[in-house]
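Asks: give me coordinates for this.
(4 chains)
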There are 2 protein chains.
Amino acid sequence: MAAGMEENNVGNDGASASGADVSGPDVEVRTLADLARVAGVSAGTVSRALAGKSLVNAETRERIQALARQYGFRPNQMASKLRSRRTGVIGVVIPLGHEKRQQISDPFFLTLLGHLADQLTEAGYDLMLSRAIPDGTTDWLERITGSGMVDGVLLIGQSDQSDVIDQVVSHYRPLVAWGNHREGQKHVVVGTDNELGGRLAAEHLIACGARRLAFFGDTAGIEIAMRLRGARAAAEAAGLHIKHVPIKLADAEMGPQLEAALADAEADFDGIVTASDLIAMSALHVLHESGRRIPGDVQIVGFDDLPLARLTSPPLTTVRQEIGQGAKVMVEKIRALIEGETRHSKVMPPTLIARDTTRS
Amino acid sequence: MAAGMEENNVGNDGASASGADVSGPDVEVRTLADLARVAGVSAGTVSRALAGKSLVNAETRERIQALARQYGFRPNQMASKLRSRRTGVIGVVIPLGHEKRQQISDPFFLTLLGHLADQLTEAGYDLMLSRAIPDGTTDWLERITGSGMVDGVLLIGQSDQSDVIDQVVSHYRPLVAWGNHREGQKHVVVGTDNELGGRLAAEHLIACGARRLAFFGDTAGIEIAMRLRGARAAAEAAGLHIKHVPIKLADAEMGPQLEAALADAEADFDGIVTASDLIAMSALHVLHESGRRIPGDVQIVGFDDLPLARLTSPPLTTVRQEIGQGAKVMVEKIRALIEGETRHSKVMPPTLIARDTTRS
DNA sequence: GCAGATATTGCAAACGATTGTACATCAGCC
DNA sequence: GGCTGATGTACAATCGTTTGCAATATCTGC
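Replies: Here you go, the predicted structure:
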């Protein structure tokens, strides 16, 4: 009959010691109400105390916080989020669009993801990662925006879904995408001036003496298409032709595709613009194998300036995207949008980093 | 006065058409109750219908699902999760431990993360990504396990927190870590036999004629320490000495550290085991610059076999970790643990992939 | 000693779904 | 025709917080 013999009598209110019970480290305290009982106050007060609100007496607030620590209590986030209608979570979505591969593997996107994770954590948000396979409708995106699980959505790449995204944004504001900005589009985009990037790359090659030009990359994604357009413009301005060679990114396919493209007898390129550092690295590898010298026989320019670009041999000349900066901007914009403010797209200028795969 | 002139009169129950109202695409239906009103049934029935339960009449079920589609209704996840006490979310935590860097950048971890994302999506789970900075207590981990926000936790690397993790696991079961398995440890780990990996690397170098050996890598993380131990064992078995050169992973520092290590006059290595492909690539780069020929003057072995390893020049000989397979196993185990089953650690054997940075 | 202002705290109603239980309907059967 | 069992639906409690409002206690100045 003595109190303390039973442990599972949690329900009876007030039957046990009246407040200053410091002992029981084995009464389980899972909920606010549990802790409230232990502290001898009401659940509401505990809630306010843990939130650090000034409405509660400083002394009791500290006492409650101490108890919470002691019992290892943490408020249930689901309940909290449900009630406060604020999740503190940002959804980060990778549309696995025009590339059929089911894998998240592109090192550029992975790097951007890493930076976003850093920035979001710093801003006090959690990050919910989803891969999504666009299906022609808005469903793949609305499943996330409409779930009530996130305060906002960051899109890593638009794939070929610019229109779909526009449509979703008409009724779901807090959304920011990485990618190419298109005139007249509704949703907020942060990204590089891809056309300029392509132009810089081609101009540099031409200035370094290249004349038989090629562009390696699949233009299904609008970003790549714009890079090609820029490169083409630069070529035409110099009275040259540039051959477009579509290269899919899927790891397994890329090697053979490149070999085929480069083995082609008439494909005697002396200057290659690539759609990404990854393609450039693969091309470098294939060219090496076939005995061509770089930059002697062939010059090549990458795109992205991943950390790895400086490690190739020879180190890769490439067009740099400010990806860390881009992540920072994306997070700033999504926060503002969540607060109900208005934001516009930001197009960042790329810069050409001349290393040793071109004869500067 | 005519109905349809106002749009914001949602509150009045039952005043509008009685059930078969197919029109109103502008009455907002946010909640189950809203949809129930439109469908002329109760909220409970709608819930079961959307969940596809067999308890409801097939006909009404389809009618309700059609309505849900038509109104673009999606049940609020927070509410659902709160009630059903199942979140459908797995927390993926990257402990930013012994490396002081604040950045998620290690390509190995990023690659593992990509595979985990794929596997978890396939298993129907969402992925919540957190970086965490261990603080000497269990708090950095328990903030996540105790939040009620995830059904289980996957740790990408243990850093030097093996003991802390053990402690947490004593009261929080569903947790699986990637990393090195230590005898007697409580928590479930999936990973590579690092000691064996280190041994394979060194043995291969020795078989290829290397005699003046070095190991490049910082041994604060237990994984690396075990690789060194394996390499050292192989060296000693051959009557050789292996010099340990600590190399921090932080991008900016790695280059200079390597240069210093390799410029050292007495550091006339002819065989290098590295703790990761990333270090190997950097080393390759520095060695190239200093004019040494590979594998002629120096042979080098990486660790991980990232997709990039085959793209270096010469292509990198490396110790392969089955990272895709590892992700699959981690997800299988976390699911089982969530179901209350028991699982044990899995140590996977690495394999040596001989490419061209060694003279096979 | 009292009106009124000012701290604190308790109460109870949300938040929006899920789910056990009870009730209604209907078919089949002796 | 009444009883049994199956089927489908409505009702209401519940998950664990947050928060507006009311209630109490304390204090201030006159």
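Asks: residue contacts, A:Ala177?
Replies: A:Leu154, A:Leu155, A:Gly157, A:Gln158, A:Ile165, A:His187, A:Val188, A:Val189, A:Val190, A:Gly191 (CB atoms under 8 Å, 6 or more residues apart in numbering or on different chains). No exception for glycine: its C-beta is placed from N, CA and C like everyone else's.
Asks: A strand includes it, no?
Replies: Yes. According to DSSP: H, G, I helix; E, B strand; the rest coil, A:Ala177 belongs to a strand.
Asks: bridging residues for it?
Replies: Beta bridges link A:Ala177 to A:Leu155, A:Val189, judged by DSSP bridges.
Asks: tell me how far it lies from A:Phe108.
Replies: 15 Å (CB to CB, to the nearest Å).
Asks: identify the farthest-apart pair in the contacts of A:Ala177.
Replies: Comparing all pairs in the contacts of A:Ala177 by CB to CB, the longest separation belongs to A:Gly157 and A:Val188, at 14.4 Å.
Asks: which stretch of helix or strand covers A:Ser47?
Replies: helix A:43-50 (DSSP states H and E).
Asks: in that helix, what's buried?
Replies: Residues of helix A:43-50 classed as buried: A:Thr45, A:Val46, A:Ser47, A:Arg48, A:Ala49, A:Leu50 (neighbour count, 16 or more other CB atoms under 10 Å in any protein chain shown).
Asks: between these, which is closest to DNA strand D?
Replies: Nearest to DNA strand D among these: A:Ser47, at 3.3 Å, using CB to the nearest atom of the strand.
Asks: the closest one against A:Ala33, yeah?
Replies: No. In this structure A:Ser47 lies outside contact range of A:Ala33 using CB atoms under 8 Å: 10.2 Å.
Asks: and A:Gln185, how many neighbours does it have?
Replies: Close neighbours of A:Gln185, defined as other CB atoms under 10 Å in any protein chain shown, add up to 17.
Asks: give me every residue that touches it.
Replies: Counted by CB under 8 Å, 6+ apart, A:Gln185 has contacts A:Ser162, A:Asp166, A:Ser345.
Asks: how is chain A partitioned into domains?
Replies: As assigned by automatic domain parsing, chain A contains the domains A:14-75, A:89-192+A:323-348, A:194-321.
Asks: now those domains in JSON lines, with mean pLDDT and distance to B:Leu352?
Replies: Converted to JSON lines, those look like this (pLDDT from 0 to 100; distance: least, CB to CB, whole Å):
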{"stretch": "domain A:14-75", "mean pLDDT": "81", "distance to B:Leu352": "46"}
{"stretch": "domain A:89-192+A:323-348", "mean pLDDT": "90", "distance to B:Leu352": "23"}
{"stretch": "domain A:194-321", "mean pLDDT": "91", "distance to B:Leu352": "21"}
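Asks: in a markdown table: the ones you listed, plus distance to B:Ile242.
Replies: Shown next, in a markdown table, are these (distance: least, CB to CB, whole Å):
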| stretch | distance to B:Ile242 |
| --- | --- |
| domain A:14-75 | 45 |
| domain A:89-192+A:323-348 | 32 |
| domain A:194-321 | 24 |
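Asks: quick one: closest of those domains to B:Arg212.
Replies: Closest approach to B:Arg212 among those (CB to CB): domain A:194-321, 23.2 Å.
Asks: how far off centre is the closest one?
Replies: Distance of domain A:194-321 from the chain centroid (CA atoms, centre = their mean, to the nearest Å) equals 25 Å.
Asks: quick check: the residue most central in space within chain A vs B:Glu122, distance?
Replies: Chain A has A:Leu113 as the residue nearest its centroid, 3.7 Å off, counting by CA atoms, centre = their mean. Distance from A:Leu113 to B:Glu122, counting by CB to CB: 19 Å.
Asks: cool, and A:Arg30?
Replies: 32 Å.
Asks: returning to that earlier point: in this structure the residue nearest to the centre of chain A contacts A:Val92, no?
Replies: Yes. A:Leu113 lies in contact with A:Val92 (CB under 8 Å); the separation is 6.7 Å.
Asks: shared neighbours, these two?
Replies: Joint contacts of A:Leu113 and A:Val92 (CB under 8 Å, 6+ apart) are A:Leu129, A:Ile156.
Asks: spell out which parts of the stretch 1-150 of chain A neighbour DNA strand C.
Replies: Proximity of the stretch 1-150 of chain A to DNA strand C (CB under 7 Å from any atom of the strand) is limited to residues A:40-45, A:48, A:55-58, A:60-61, A:79, A:82-83, A:85, A:148.
Asks: so which of those residues also contact chain B?
Replies: On the criterion CB under 8 Å from any CB of the partner chain, A:Ala79, A:Leu82, A:Gly148 are the entries of these that sit beside chain B.
Asks: in a helix, the first one, correct?
Replies: Right, the one you point to is A:Ala79. Yes. A:Ala79 sits within a helix when classified using three-state DSSP.
Asks: just the strands in the stretch 101-250 of chain A please.
Replies: Applying DSSP state E, counting those that start in this stretch to the stretch 101-250 of chain A gives strands spanning A:126-132, A:152-155, A:175-178, A:188-192, A:213-216, A:242-245.
Asks: reformat those as CSV; add distance to DNA strand D.
Replies: CSV is the format used below for those (distance: least, CB to the nearest atom of the strand, whole Å):
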stretch, distance to DNA strand D
strand A:126-132, 15
strand A:152-155, 18
strand A:175-178, 24
strand A:188-192, 27
strand A:213-216, 53
strand A:242-245, 55
